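Enquirer: I would like the atomic coordinates for the input below:
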Amino acid sequence: MGTDRVERSGFALSSLLLMAPGLLSTSVFGLFGLVGVTASVDALLLDLTLRGIGLALFVVLAAKNRQDATAPGEVNQPTVDGTRR
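Expert: Predicted coordinates:
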């Protein structure tokens, strides 16, 4: 059950990184600003990097999810009565 929560959180993080990476970076830089740390980065490079991380995370989680859906040697197809084997 705990793994499901971790995977769902991973999917949520990956979707956030893919759709709105600026939201995360703005929040992080805002927190740094509260403690007096400033940083200057190229916004486009940061955006593309965060989107790349989000895509990689999504691909890994989707592959794991697909692998878990069918065990080795098992066919996950509906039977005549609608149940899955």
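
Enquirer: So residue 38: helix, strand or coil?
Expert: Of the three states, residue 38 takes coil under DSSP: H, G, I helix; E, B strand; the rest coil.

Enquirer: Kindly state the pLDDT recorded for it?
Expert: At residue 38, the predicted lDDT confidence score is 82.

Enquirer: Check the burial of it by counting its neighbours.
Expert: 7 (other CB atoms under 10 Å). For glycine as for every other residue, the C-beta is placed from the backbone atoms N, C-alpha and C.

Enquirer: One more: residue 27?
Expert: Residues contacting residue 27 under the criterion other CB under 10 Å number 10.

Enquirer: and it, which of the three is it?
Expert: At residue 27 the chain is in helix, as set by three-state DSSP.

Enquirer: Retrieve the pLDDT associated with the residue nearest the centre of the chain.
Expert: Central residue of the chain (CA atoms, centre = their mean): residue 14, 2.5 Å from the mean position. Residue-level confidence at residue 14 comes out at 95, pLDDT.

Enquirer: Is it within a helix or a strand, and which one?
Expert: Element membership of residue 14, judged by DSSP states H and E, is helix 2-19.

Enquirer: Now that helix: buried residues?
Expert: Within helix 2-19, the residues scored as buried using 16 or more other CB atoms under 10 Å are 13-14, 17-18.

Enquirer: for the helix or strand of the chain with the lowest mean pLDDT, packing partners?
Expert: Using mean pLDDT, DSSP states H and E, helix 21-34 stands out as the lowest-scoring helix or strand of the chain, at a mean of 86. If you count contacts as 3 or more CB pairs under 8 Å, 6 or more residues apart in numbering; DSSP states H and E, helix 21-34 packs onto helix 2-19, helix 43-69.

Enquirer: Give the phi and psi angles for the nearest residue to residue 32 once chain neighbours are set aside, as a check.
Expert: Excluding its sequence neighbours, the residue lying closest to residue 32 (CB to CB, 6 or more residues apart in numbering) is residue 39, at 6.4 Å. When read as degrees, to the nearest 10, the backbone of residue 39 gives phi -140, psi 140.
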